[in-house]
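# Okay, here's the prediction I keep looking at, along with the sequence it came from:
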Amino acid sequence: MALGVALLQGVLPLAGAQRGRADWMQLGRPLAWSQLALVAASFACLTLAFVRHDFSVLYVASNSNSALPLPYRFAAVWGGHEGSLLLWLLMLNVWTVAVAVYSRSLPAVFVARILGVLGLVAVGFLLFTLITSNPFERLIPAAADGRDLNPLLQDPGMVIHPPMLYMGYVGFSVAYAFAIAALLGGNLDATWARWTRPWTTAAWIFLTFGIGLGSWWAYNELGWGGWWFWDPVENASFMPWLVGTALIHSLAVTEKRGSFKVWTVLLAIVAFSLSLMGTFLVRSGVLSSVHAFATDPRRGLFILAFLVIAIGSSLVLYAWRAPTVGLGQRFALVSKESMLLVNNMLLAVATGAVLLGTLYPLFLDAMGLGKISVGPPYFDSVFGLLMAPLLFMMGIGPLTRWKSDEPGSLARRLRWALPAALLAALGVTWAAGRIAPLTVGGLTLAFWIVASQGVDLLERLRPRGQHTNVLARLRLLPRAYVGMLVAHLGIAAFTFGVAMVKTYEIERDVKMGPDASTELNGYRFRMQSVREIKGPNYTAAQGLIEVSRNGQVIAMLEPEKRIYRVQSNPMTEAAVDSNLLRDLYISMGEQLPNGDWIVRVQHKPFIVWIWGGCLIMMLGGVLAASDRRYRLRQTQNATSPNASASTAGGAA
């Protein structure tokens with residue numbers, strides 16, 4: 001039924017917009033609500049099957065067990081391929097209804113085209129679900145019990161990580177639909193950019209949260225203590241984030257100056273294309289990853305065909321319309337537009353580098369040219385070289401004026417920022433005990449962002465030659481500006497955490513039994529005992545390790561080595577003592593014949609700043625998306641391209 005409704009939603013509003021049939025265009029909103037109701041009902045049925053242990057459903061029998069705790073039964077709904085696809089559809093319908101609800105002030109023709117495009121996207125995924133991925137396939141006779149959920153997914157982070165990640169993935173379909181609607185109508189102007197920008201920012205917020213949460217899950221659950229390994233599936237989510245970041249900045253130029261219009265539309269198409277490609281990589285069976293679904297290649301072929309049709313038709317439309325779009329206003333070499341252009345180019349090249357490192361081994365394998373592995377050394381070196389100039393430009397861009405600026409003026413305004421950042425970096429590395437050139441460079445960039453943002457904020461609050469009320473001016477700052485400031489500070493915090501943990505982390509693998517101890521970076525770790533515990537669906541050897549410093553006990557940590565009864569998979573549950581300055585990370589390896597254990601002890605300075613930086617970036621996105629000019633409700637009479645463009649320019 002949802003497929004039938006999606007077909008109507010994809011055809012009638014688009015046809016109505018083409019023929020001027022207002023009655024057909026008005027059907028978009030009720031059809032979007034109807035499709036959401038049907039997909040939500042399907043999702044509720046599948047959830048109920050998991051909660052009630054209905055093992056006559058093959059998907060439930062494959063991903064659950066009667067001993068599985070209730071929270072993980074909910075997580076199991078999207079713990080496999082079929083359920084995760086149904087979750088994708090639910091998220092797509094939530095975004096579609098959100099557009100239908102919050103777009104009443106937009107022109108009816110434009111909204112009809114947006115809802116029509118989203119309906120056609122839903123048709124593709126509904127066909128995929130019905131033809132190759134039916135989560136309601138029956139198992140007759142019903143299984144006596146289930147195979148249990150993958151132990152890797154039995155973690156609190158996995159209860160909310162996939163929904164947040166999918167909200168980000170699917171959210172870029174809204175930016176894509178806005179872009180296609182604008183191409184169909186030929187209205188690529190500042191008004192279109194202003195309408196698109198908050199939706200793109202919202203998708204970016206969810207994707208940032210999803211990626212950060214996935215990194216935190218891997219750090220805590222996989223037992224090796226890493227926070228990012230350039231896994232192909234990690235890359236599949238990271239690439240849309242990079243392009244989405246470029247899209248947000250490009251939309252700012254299009255909204256304010258009317259430039260980058262063609263490039264902005266292309267970024268919207270590419271962001272959604274990479275989201276679809278990520279779906280293909282995860283579900284096609286071509287990847288070997290802890291995140292990937294082991295599925296049959298037919299599904300990969302279906303998604304690949306859908307990718308070719310959806311993106312191929314978009315690029316054809318783009319090639320047809322792009323030559324008719326103006327270039328926008330001119331700008332000087334030193335201007336905010338130039339800085340944002342460099343930002344876009346570096347993010348695009350970084351995305352290409354990640355894409356190459358992810359797909360090149362697959363291409364060689366498919367061509368029968370052998371198997372190679374592209375790992376962290378490639379990504380760290382290439383990506384780091386591209387990010388360094390981007391971080392440097394991040395300090396200059398916000399202070400640069402639109403259209404044209406004077407290099408001498410910029411240099412005078414920032415004359416103390418770079419020396420102060422360098423001195424701060426040298427001080428931090430000296431205090432850490434080792435001055436490493438690369439670390440000094442990374443920390444200098446982090447402090448440079450903070451210092452330059454401070455200069456910009458100070459100039460806005462206390463203009464030269466004026467005596468003003470600082471608090472009054474602070475309250476008048478636009479949320480979009482404050483959001484940009486906060487997001488950039490999140491990048492600085494993230495960069496600081498990465499530079500510190502990569503340089504100063506220490507780890508040691510030791511043999512430990514009762515009363516055995518080891519020391520690491522001034523901390524003493526003593527294993528008091530190892531006991532056997534029983535969980536709802538596993539048994540575990542749990543160590544009790546006392547952590548002390550200078551003779552004072554600061555933590556009691558309980559790492560575990562679990563064996564899940566149904567799948568008999570050994571799993572490592574790390575124990576972490578965390579604060580803003582460091583993490584103490586302990587994981588248990590294998591048990592030795594004499595009863596002792598191999599224990600990995602790690603000291604990770606400032607690693608929580610990585611995830612704290614992600615949260616700060618999210619907060620910046622929320623502030624920017626809630627700016628006043630996006631919350632103003634305008635009548636359709638006031639949304640003509642010329643009037644809206646001037647209004648957006650004045651608000652910006």
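That came in fine, so what should we check first? Numbering: from 1, shown residues only.

# Please identify the helix or strand for the nearest residue to A177 once chain neighbours are set aside.
Counting by C-beta to C-beta, 6 or more residues apart in numbering, A177 lies nearest to V117, which is 4.0 Å off, once chain neighbours are set aside. Heads up, the C-betas are built off the backbone N, CA and C, glycines and all. Per DSSP states H and E, V117 falls inside helix 108-132.

# still on that earlier bit, may I ask you to confirm that the residue nearest to A177 is in contact with A182?
No. Applying C-beta atoms under 8 Å as the test, V117 and A182 come out as separate, 10.7 Å apart.

# What segments of the stretch 501-650 of the chain are helices?
608-625, 628-631, 641-651 (DSSP state H, counting those that start in this stretch).

# Quick one: mean pLDDT over the last one.
This means helix 641-651. Per-region confidence: helix 641-651 scores 35 on mean pLDDT.

# now swap in the longest one and tell me
For helix 608-625, mean pLDDT rounds to 94.

# Name the surrounding residues that touch it.
Residues from elsewhere that reach helix 608-625 (C-beta atoms under 8 Å, 6 or more residues apart in numbering): 198, 201-202, 204-205, 208-209, 211-212, 215-216, 227, 479-480, 482-498, 500-501, 578-580, 583.

# Repeat the analysis, applying 6 Å as the threshold.
For helix 608-625, the surrounding residues in contact (C-beta atoms under 6 Å, 6 or more residues apart in numbering) are 198, 201-202, 204-205, 208-209, 212, 216, 227, 479-480, 482-483, 486-487, 489-490, 493-494, 496-497, 578.

# ok, of the residues you listed, which come out buried?
Buried members of the contacts of helix 608-625, scored by 16 or more other C-beta atoms under 10 Å, are 198, 201-202, 204-205, 208-209, 212, 216, 227, 479-480, 482-483, 486-487, 489-490, 493-494, 496-497.

# among the contacts of helix 608-625, which are in strands?
S578 (DSSP state E).

# Now, the contacts of helix 608-625 that are in helices?
Per DSSP state H, helices hold the following members of those: 198, 201-202, 204-205, 208-209, 212, 216, 479-480, 482-483, 486-487, 489-490, 493-494, 496-497.

# those helices in the stretch 301-450 of the chain, which residues are they?
According to DSSP H, counting those that start in this stretch, the helices that the stretch 301-450 of the chain contains are 336-366, 376-396, 407-413, 417-432, 437-461.

# Tabulate the ones you listed (TSV), appending mean pLDDT.
Shown next, in TSV, are these (pLDDT from 0 to 100):
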stretch	mean pLDDT
helix 336-366	87
helix 376-396	90
helix 407-413	86
helix 417-432	93
helix 437-461	92
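
# Okay, and I180 sits in which element?
With DSSP H and E as criterion, I180 is part of helix 156-185.

# what angle separates that helix from helix 108-132?
Calculated by axes from the mean of the first three to the mean of the last three C-alpha atoms, to 10 degrees, helix 156-185 forms an angle of 130 degrees with helix 108-132.

# Could you give the average pLDDT over helix 156-185?
Here the average pLDDT along helix 156-185 is 88.

# who does it touch, helix- and strand-wise?
Contacts defined by 3 or more C-beta pairs under 6 Å, 6 or more residues apart in numbering; DSSP states H and E place helix 156-185 against helix 70-77, helix 81-102, helix 108-132, helix 190-221, helix 261-283.

# any idea which of the ones you listed scores lowest on pLDDT?
Minimum mean pLDDT among those: helix 261-283, a mean of 84.

# Return the distance of that helix from the chain's centre.
How far helix 261-283 lies from its chain's middle: 14 Å, per C-alpha atoms, centre = their mean, to the nearest Å.

# can you check stretch 219-239 too?
Worked out by C-alpha atoms, centre = their mean, stretch 219-239 lies 12 Å from the chain centre.

# So E82 sits against E137, correct?
No. At 8.1 Å, E82 does not count as touching E137 under the criterion of C-beta atoms under 6 Å.

# Settle it for me: which of those two has more neighbours?
Between E82 and E137, counted using other C-beta atoms under 10 Å, the more crowded position is E82 (25 against 11).
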